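*Asks:* Next one to model:
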Amino acid sequence: MLQIFQTQFIGVLKQIKEQEETIEECGRALAQAVVGEGTIYIIADREMTPIASAIVHADKTNRIEALDKENIAIITPADRVVYFTSYSSTGDMVMVESLLERHITVIGIAGNDRVGIDKMCDFFINTCLVQSLVPTDEGERIGLPFIGVGLYVFELLSLVLTDILLEYEE
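*Replies:* Reported below is the predicted structural model:
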C-alpha cells in the first residue's frame, strides 16, 4: 500500500509541476505585493487549515500573514490572497467574489473537481487531488494528502517569488 501511495503521490506532484506557467504568473503577482505596499494573506479552509500556520512560520519575507475569512475587510488592492481549499467546488465562492469586487488579486489552490472557485479566481492552481490515492481490497480509496500537496504548491510559489525578488534587487 505504501508503494502505491508513493507512486500516486509523485504522479500528483508531476501534474502540478506541469502548471509551471501559471505558477510563475502567481509568483509575479505575489512579488508585486512584496515589492509594493502589500501583504500576502493566506486563507485556508476545510482540511487545508493547517497550511496557513506552516506557511507563515516559514516566511522569510515577513510579508505573509494568515487570515480568517471573517476578517477579509482589512485586505486592500495592494495585497494578494492565496486561498487554499480542498476542492474547487467547495470553496467559499461568496468570499472570493467579495474580494474580487474590491479588486483584490486572488490565487485559488484546490483540487479541480467541478466548476467553482477555479473559474472565479484571478489565478488557479489545481492540486490534482479529487479522490484518494490508494484503492483498498474492499473497493474503497484511502490516502488524500491535501496538506502535503498544498505545501508543495506553496513551496513552488515561494521559490518563484524568491527568484523574482532576487532579480529585482539586482
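*Asks:* helix/strand/coil for the most centrally placed residue in the chain?
*Replies:* By CA atoms, centre = their mean, the chain has its centre lying nearest to Ile109, at 3.5 Å. The three-state assignment at Ile109 reads strand, by DSSP: H, G, I helix; E, B strand; the rest coil.
*Asks:* Now do stretch 116-126: distance from first to last residue.
*Replies:* 12 Å (CA to CA, to the nearest Å).
*Asks:* And the contacts of that stretch?
*Replies:* Residues outside stretch 116-126 that contact it (CB atoms under 8 Å, 6 or more residues apart in numbering): 15-16, 19, 22-23, 25-26, 29, 83, 85, 87-93, 96-97, 100, 105-112, 153. For the C-beta atoms, the positions are set from N, CA and C on the backbone; glycine is no exception.
*Asks:* Pull the number of nearby residues for the nearest residue to Asp79 once chain neighbours are set aside.
*Replies:* Counting by CB to CB, 6 or more residues apart in numbering, Gly38 is the residue found nearest to Asp79 once chain neighbours are left out, at 4.4 Å. Look at Gly38: counted by other CB atoms under 10 Å, it has 19 neighbours.
*Asks:* Surely Gly38 and Arg80 touch.
*Replies:* Yes - contact criterion CB atoms under 8 Å: Gly38 and Arg80 qualify, at 6.3 Å.
*Asks:* which stretches of this structure have low pLDDT?
*Replies:* Scanning the chain for pLDDT under 70 picks out no residues.
*Asks:* circling back: please give the element, helix or strand, for the residue nearest to Asp79.
*Replies:* Using DSSP states H and E, Gly38 falls within no helix or strand.
*Asks:* separation between it and Pro77?
*Replies:* Distance from Gly38 to Pro77, counting by CB to CB, to the nearest Å: 8 Å.
*Asks:* Thank you, goodbye.
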